[in-house]
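**Q** give me a 3D structure for the following:
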Amino acid sequence: MRTIHVETSGATILLTEAPEPKIRDRRTGEIAKDADTGEALMTIGVVYLEDGESSLIKVTVPESGISEGLTLGAPVSLPGLVARPWESVFNGQQRHGIAYRAAAVTPAAFPATTGAAA
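**A** Sure, this is the predicted structure:
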């Protein structure tokens, strides 16, 4: 499937769920690993705000890309954010969605407001 680069410069992204290991197999508790590097993968929850709309999304990040100083509710940056459509059949039912992945998650600042009266 195609990977789509996500332009985030016009968005505000807030951390809603702290990093947790991404589970590959719920029955065994096996942690998901990057197919190329073998590095453990983590997931975070964020709210993505842009143009007056918001979406809650889960983002996969390599363990080494998790920065210190992350605070729930605070703005974050997701360098290298990509979206990848997926589909599969599970228990005879077709499922589909979009998987998000970033190279890292780092603390960010709230965007400056423009047009405010002084």
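**Q** make sure G73 is actually in contact with L14.
**A** Yes: between G73 and L14 there is a contact under C-beta atoms under 8 Å: 6.1 Å. Yep, even glycine has a C-beta here, placed from its N, CA and C like the rest.
**Q** okay, those two: which has more neighbours?
**A** The residue with more neighbours, out of G73 and L14, is L14; 18 against 8, by other C-beta atoms under 10 Å.
**Q** the more buried one: what's it in contact with?
**A** 46-47, 49, 73-76 (C-beta atoms under 8 Å, 6 or more residues apart in numbering).
**Q** ranges for the strands of this structure?
**A** Using DSSP state E, the strands of the chain run over residues 4-5, 12-21, 23-25, 30-31, 41-50, 53-62, 76-77, 82-90, 93-101, 106-107.
**Q** with mean pLDDT added, can I get the ones you listed in JSON lines?
**A** As requested, those are arranged in JSON lines below (pLDDT from 0 to 100):
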{"stretch": "strand 4-5", "mean pLDDT": "96"}
{"stretch": "strand 12-21", "mean pLDDT": "97"}
{"stretch": "strand 23-25", "mean pLDDT": "91"}
{"stretch": "strand 30-31", "mean pLDDT": "94"}
{"stretch": "strand 41-50", "mean pLDDT": "97"}
{"stretch": "strand 53-62", "mean pLDDT": "97"}
{"stretch": "strand 76-77", "mean pLDDT": "96"}
{"stretch": "strand 82-90", "mean pLDDT": "92"}
{"stretch": "strand 93-101", "mean pLDDT": "94"}
{"stretch": "strand 106-107", "mean pLDDT": "96"}
